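Trainee: coordinates only, no sequence provided:
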């Protein structure tokens, strides 16, 4: 009888130890799921950007046939709708002040006279374009590199000198001189570029980019640097 009691007591001790070990092991194996990283860019959103811009021509002003200056400063804005996380369509517009150099000439062939004078005129040049943007928001970061392209119209530039031939008494049409300049011309404009957006919050960001712009004629192209603030809705 005594042996039976001792055996039952031993079995109870072993069973209680086993149960206690199982409970402790369960606590040790308990895992906490990591919190998800914040989403800075939505799958669908509207972006409104306001930026300042610096323009520089691809050639010297004397060869440029549209802006007529080495550089110009201005500003603009755009609105884009991202119908997918990575793709958006939009429209942009900008205006810049260019101090154009305008060359006037006077040539008298019979007397061997050639004169050239450079005048300056401040003029506003602007453009409106439709755009397509491809962006790549980097997961769990505030950064989104992007590339874009567009097409539209540019206006306010393209003034050309009006050179006319003048009759000199007794010598015929032997004088060519500049008598004013033509009005501004509207031309087609193409654009390609790339940049980076940094989200300060899920709804406010900072954008900076560079684009190369194509105007009628190979000597009219220009580069544009932009930077400014972006709002996402």
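Mentor: Perfect, thanks for sending it. Just so we're clear, the structure is a prediction, and the values are computed from it rather than from any experiment.
Trainee: what about residue 150, neighbour count?
Mentor: 23 (other C-beta atoms under 10 Å). Yep, even glycine has a C-beta here, placed from its N, CA and C like the rest.
Trainee: how about the helices in this structure?
Mentor: Along the chain, the stretches classed as helices by DSSP state H are 2-29.
Trainee: so what's the residue nearest to the spatial centre of it bridging to?
Mentor: Among the residues of the chain, residue 209 comes closest to the average C-alpha position under C-alpha atoms, centre = their mean, at 4.1 Å. Here residue 209 sits in beta bridges with residue 195, residue 226, as judged by DSSP bridges.
Trainee: I'd say it and residue 193 touch.
Mentor: Yes. Look at residue 209 against residue 193 with C-beta atoms under 8 Å: they come within range, at 5.5 Å.
Trainee: mind listing the shared neighbours of these two?
Mentor: residue 148 (C-beta atoms under 8 Å, 6 or more residues apart in numbering).
Trainee: rewinding a little: show me the contacts for the residue nearest to the centre of the chain.
Mentor: In this structure, residue 209 makes contact with 146, 148, 193, 194, 195, 196, 225, 226, 227, judged by C-beta under 8 Å, 6+ apart.
Trainee: what's the spacing between the closest residue to the last one other than its chain neighbours and residue 53?
Mentor: With sequence-adjacent residues excluded and distances taken as C-beta to C-beta, 6 or more residues apart in numbering, residue 227 is closest to residue 208, at 4.3 Å. Using C-beta to C-beta, to the nearest Å, residue 208 is found at 11 Å from residue 53.
Trainee: identify the contacts common to these two.
Mentor: Here residue 208 and residue 53 have residue 226 as joint contacts, going by C-beta under 8 Å, 6+ apart.
Trainee: more neighbours: the two, which one.
Mentor: residue 53 (19 against 13).
Trainee: what about the protein, any weak spots by pLDDT?
Mentor: 1-34, 104, 111, 168-173 (pLDDT under 70).
Trainee: now do the strands in it.
Mentor: The residue ranges that make up the strands of the chain, judged by DSSP state E, are 45-57, 71-82, 87-108, 113-135, 143-157, 161-168, 172-181, 185-201, 204-215, 222-232.
Trainee: please convert these to CSV, extending it with distance to residue 35.
Mentor: Written out in CSV, the entries for the strands of the chain read as follows (distance: least, C-beta to C-beta, whole Å):
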stretch, distance to residue 35
strand 45-57, 23
strand 71-82, 26
strand 87-108, 29
strand 113-135, 25
strand 143-157, 21
strand 161-168, 68
strand 172-181, 65
strand 185-201, 18
strand 204-215, 23
strand 222-232, 23
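Trainee: quick one: stretch 107-126 to chain centroid distance?
Mentor: A distance of 36 Å separates the centroid of the chain from that of stretch 107-126, by C-alpha atoms, centre = their mean, to the nearest Å.
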